[in-house]
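Colleague: okay, sequence plus prediction incoming.
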Amino acid sequence: MTDVFSAINGRTSANNFDATHLMSQAEITELAQLTNQTPTSFNQQNWRLVAVNTPAAKARLKAAAYNQPKVGDAAVTFVVVGKIGGHKDLPTLIKPMLDGGYIDQAAFDGWIGMANGMYDGKDQFQRDEAIRSASMAAMTLMYAAHGKGLVSGAMIGFDPAAVSAECKLAADEIPVMLIAVGRPAPGNWPRKVRRAVADVVSFSAD
């Protein structure tokens, strides 16, 4: 197990994967379980993963990803899917908190009301939220993989329509990115140089 700071400082994007490495469904499910802890706005959990790990399915996904080798070579490539209008699922998702006595009916109704007020009728905002949530989940997945001694590589180079068709995504779902996960093969770059911290953070004035 890798501690959080080591994962942040040590993880890097991989392009070369050991094509002989296989992962069991249990191992893939464990990564998904860790990813499932990712926070989302109002707890709407508006994302999911499609794990592509069989040779035939990887070949089809590779074709939809402009034949990037890592899609076929990695043990599994996850399609990170965002759901538009995820706030509509909130009554079901947060009812266990009401039933368990963690919140009362007024808090439950207020929770749903605020979410509806924020998202209803705002198609672009709903799509933005789906991409935000899926992107946060993607980063959690990559750190989880790193913690398991694996490498990962995120991709936005793919045909969205082809990926949606391959994964049989619903009309309210969008493929946000692909993440290849597996053991590294030789030839991966070292961690790339980052901008100076002074260039990425500023402090508010009094």
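Modeller: Here it is on my side, so go on.

Colleague: most centrally placed residue in the chain?
Modeller: residue 138 (2.6 Å; Cα atoms, centre = their mean).

Colleague: hang on, that one packs against residue 82?
Modeller: No - using Cβ atoms under 8 Å, residue 138 is not in contact with residue 82, being 9.9 Å away. (Each C-beta comes from the backbone N, C-alpha and C, glycine too.)

Colleague: report the contact partners of the residue nearest to the centre of the chain.
Modeller: 80, 154, 176, 177, 179 (Cβ atoms under 8 Å, 6 or more residues apart in numbering).

Colleague: and if you look at residue 168?
Modeller: By Cβ under 8 Å, 6+ apart, residue 168 lies in contact with nothing.

Colleague: relative to residue 124, how far out is it?
Modeller: Distance of residue 168 to residue 124, computed by Cβ to Cβ, to the nearest Å: 25 Å.

Colleague: hang on, residue 180 in a helix?
Modeller: No - looking at residue 180 with DSSP: H, G, I helix; E, B strand; the rest coil, it is strand, so not inside a helix.

Colleague: so how far is residue 68 from it?
Modeller: According to Cβ to Cβ, residue 180 stands 8 Å off from residue 68.

Colleague: shared neighbours of those two, anything?
Modeller: Residues touching both residue 180 and residue 68 by Cβ under 8 Å, 6+ apart: residue 155.

Colleague: neighbour-wise, which of the two wins?
Modeller: The neighbour count for residue 180 versus residue 68, taken as other Cβ atoms under 10 Å, is higher for residue 180 (29 against 20).

Colleague: from residue 111, how far off is the more buried one?
Modeller: 37 Å.

Colleague: my read is residue 186 is in a helix, agree?
Modeller: No - using three-state DSSP, the assignment for residue 186 is coil, not a helix.
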